[in-house]
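Chemist: Sequence first, predicted model second:
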Amino acid sequence: MDMSKYKAMFLTEAREHLQKMAALLVEVERDPQNRGGIDALFREAHSIKGMAASMGYQQTADLAHHLEDSLDLFRQQGEITPEAIDRLLAGADLIESLLADIDAGREERNVASFCSGEFSVKEISELPPTEAGSVPEELTLQISLQLHDKVASPAARLLVIAKQLTKFGNVLSCEPSEEQILRGGNVRQLVVIIQTRLSETEIKSSFADYSEVSRLDIETPQPKSEVTSIAGGATVRVGTDLLDRFISLTGELITNRYMLQSAAGDKDWDSLKDGLGRLGRLVKDLHHQVLQVRMMPIDTVTGRLPRLVRDLARRSAKDVRLELEGTGIELDRAILEELADPLIHMVRNAIDHGIDKQGTITVRAWRQRDQVMLQVADNGRGMDPALLRRSAVEKGLIGPGQAEVMRDYDALQLVCLPGFSTASQLTATSGRGVGMDVVKAAVEKLGGVLNIDAAPGRGTRFTLKLPLSVAIIKVLLLNVANKQVALPITRVLQTIEVERNQIQASGKQRVFSFNEELLPLVSLRKILALAMPKAVERVAVVITEVLGRKIGLVVDDFAGQSEVFVQALPSPIDRLRGLSGGTILGDGRIVFILDIQGLLERKR
Amino acid sequence: MAQRVLIVDDALFMRNLLRDIFTSAGWEVVGEAADGIEALQKYKDAHPDLVTMDIVMPERSGIEALQDILAFDPQAVVIMCSALGQESMVLEAIQHGARDFIAKPFQQEQVFEVVARVCG
């Protein structure tokens, strides 16, 4: 039987089981006598074993079996040891690597050495050491090597070397891949990214007696996102009830088509009108159902957090609890994919800077009308607006005058400025501020908003306000020089009309007073390099936020709100900065959706 | 104690050449085989530290003999002897567990560089 068509499904499910295992292990670590947890762990390992065995993935099945056996033992003892948790987590990591092998179509790596290890033996632990110096930390290295021109059978030589490298650690990627090498031919270069405990020197010296190798470079690869893909990968599981609804909708659409055809043939305008009305409802319904397929629960990205928090807390010798709330709330998969890294950034920041020795991080999600709120909160030391103001002035990010009039709330948003980080809060892994600009940009790219509130000694809260879907959003249509563009409604704080005499000049910049705050005015015509209009008495202004700063965007006038289906821009238009997508209006006009931040950056 | 090698090649000339290369470096040649079937038999008798395996041989080929030996002893250290134009077979052999390969015409230094790596 051809099992290959089940591969994607296997990978999706196995990754879900793995993620549950990791979360359960962290739970059981806190409460080693949690029988229910140990039972659940046993079942997860058992499921993976069964699935892998039926797919013929022997190494994965063997490893899962090995984990299952040991869990069975702990189940009988009613307790699990801390060393065993480490080893089980290492085993889960190894299964993840195996799944990556399978996903890439590589041969599964051999797990015999792991399985022959004993439980409760610490040295095999793949985890970062709790105390510095006990085990060298695992590093990710990129090894590039080149063979001499005269080497006989270069492909075979590379294959031997590639196999040799797998002994150094966990090979994450290999270019050319083993399959490509096996095709033979004139391959003389190999680039391998490997996770290893060996140092550069150790690796270099082990290649000293390879006279076939003419050049060997070892470097740290470009940082890649920690979450390469969210669980689920390329496949989606759809409930059969949803499929049934698709079928019945399709049936109705077919009936509708015949109805319209006959009405058109008979020139029966009333029936035609009826038919069109029905078609409108059917399409809307279908649309709604299709969007449903794109929705995934938030725990597809929060599922990794328990393990991350555990590892980071251990590394920094802090006692950190993680609480997750509302992770069943669903969001568009495209949004979730973009959120994975920002979420890790915020949680990492909370551990590094928010929490001193002991504390709790709460990640909660909730629905607010047609938006989803996602919050990362810690009960740590919080942030001091005065300190942030001072630091921003010292770094030349804002002027002293600006700092003086800046409200506390706005001062907190300063951490999102590129290049902002307060030295007193900096650690090796991250600095608060480092990365927050990236988080903010990611959220805004999705059409969302990031809010920060904090008080010294009372913790920090990052709140993301996100649209449910990136596919269908509400936009504000704007007229500018006889053209229409759109801005996601989530990006609009307010629309106002400003009298000419309310506009003041501050240096080269035009500003106006809004809620006792002076906001800079930016002309959309100017950004888009369109002809400037004649002076008018009142200008239409959209108040929006760019990188934590409010600005007034001057447009010709507002053309109303509309719900639109956003389409990704095709190449080469997608390379233009400042456009986050496009949509086709009911009358057939194409309207671009603006990314104001991108536009302003382009201007610079 | 000297390290022990089994030389498998259907050509007497090649066996003699390899024998000279190994003995001059202080190795003990514990056996020679001229085909794949004999190779497994001699391996079982002698348990050598290293096997040099020609690829194209009568009866069972070098790749088949490699698999036979590894089935008998998964720890066996086998290196393939390849000639020009046999790359695809070498690739196959490595996939099946050959540790390394040496390319004809043999040069003593190259042979021992490979031997040192796989036996080191």
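Modeler: Yep, that arrived. Residues are numbered from 1 along each chain as shown, chains lettered A, B, ... in the order given.
Chemist: Check the offset of stretch A:196-212 from the chain's centre.
Modeler: Mean-position distance between stretch A:196-212 and its chain equals 35 Å (CA atoms, centre = their mean, to the nearest Å).
Chemist: whoops, stretch A:60-79 was the one
Modeler: Taking CA atoms, centre = their mean, one finds stretch A:60-79 lying 33 Å from the centre of the chain it belongs to.
Chemist: Would you mind identifying the helix or strand in the chain with the lowest mean pLDDT?
Modeler: No chain in the question, so chain A it is. Confidence across the helices and strands of chain A bottoms out at helix A:596-603, with a mean of 76, counting by mean pLDDT, DSSP states H and E.
Chemist: that's the other chain; I wanted chain B
Modeler: helix B:108-119 (a mean of 87).
Chemist: For that helix, name the packing helices and strands.
Modeler: When contacts are defined as 3 or more CB pairs under 8 Å, 6 or more residues apart in numbering or on different chains; DSSP states H and E, helix B:108-119 sits against helix B:12-24, strand B:50-54, strand B:78-82, strand B:100-103. From N, CA and C alone the C-beta is placed, and that goes for glycine too.
Chemist: Contacts for the least confident helix or strand of chain A next, please.
Modeler: Helix A:596-603 has contacts (CB atoms under 8 Å, 6 or more residues apart in numbering or on different chains) with A:441, A:444, A:487, A:491, A:522, A:527-528, A:544, A:546-547, A:551, A:553, A:577-580.
Chemist: Among the residues you listed, which are located in helices?
Modeler: Residues of those located in helices (DSSP state H): A:441, A:444, A:527.
Chemist: Around chain A, which positions in chain B sit nearby?
Modeler: B:82, B:84, B:86-88, B:90-91, B:94-95, B:99-101, B:103, B:110, B:113, B:116-117 (CB under 8 Å from any CB of the partner chain).
Chemist: rewinding a little: select only the buried ones of the contacts of helix A:596-603 in PyMOL?
Modeler: Entered in PyMOL, the line below selects the buried ones among the contacts of helix A:596-603, by 16 or more other CB atoms under 10 Å in any protein chain shown:
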select buried, chain A and resi 441+444+487+491+522+527+544+546+547+551+553+578+579+580
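Chemist: Could you find the lowest-pLDDT member of the contacts of helix A:596-603?
Modeler: Taking those together, the minimum pLDDT is found at residue A:547 (69).
Chemist: Report the distance from the helix or strand where residue A:477 lies to the chain centre.
Modeler: In this structure, residue A:477 sits in strand A:472-480 according to DSSP states H and E. The chain centre lies 26 Å from the centre of strand A:472-480; the measure is CA atoms, centre = their mean.
Chemist: OK, contacts around residue A:438?
Modeler: By CB under 8 Å, 6+ apart, the neighbours of residue A:438 are A:341-342, A:345.
Chemist: Adding neighbour count and pLDDT, write the residues you listed out as a markdown table.
Modeler: What follows is the contacts of residue A:438, written out as a markdown table (neighbours: other CB atoms under 10 Å in any protein chain shown; pLDDT from 0 to 100):
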| residue | neighbour count | pLDDT |
| --- | --- | --- |
| A:341 | 17 | 83 |
| A:342 | 24 | 87 |
| A:345 | 20 | 86 |
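Chemist: Provide the secondary structure category for the closest residue to chain B within the stretch 501-604 of chain A.
Modeler: In the stretch 501-604 of chain A, the residue that lies nearest chain B is residue A:571 (37.8 Å; CB to the nearest CB). Look at residue A:571: counting by DSSP: H, G, I helix; E, B strand; the rest coil, its state is coil.
Chemist: what's the distance between it and residue A:337?
Modeler: Here residue A:571 is placed at a distance of 20 Å from residue A:337 (CB to CB, to the nearest Å).
Chemist: Select, out of the helices and strands packed on helix B:108-119, the one closest to residue A:288.
Modeler: With CB to CB as the measure, strand B:100-103 is the member of those nearest residue A:288 (61.6 Å).
Chemist: Buried residues of that closest one, list them for me.
Modeler: Buried-residue list, strand B:100-103, by 16+ other CB under 10 Å: B:100-103.
Chemist: Over to stretch A:19-38?
Modeler: So stretch A:19-38, judged by 16+ other CB under 10 Å, has buried residues A:19-29, A:32, A:34, A:37-38.
Chemist: Any idea what the residue positioned nearest the centre of chain B is bridged to?
Modeler: In chain B, the C-alpha nearest the mean C-alpha coordinate belongs to residue B:52, at 1.1 Å (CA atoms, centre = their mean). Per DSSP bridges, residues listed as beta-bridge partners of residue B:52: residue B:7, residue B:79.
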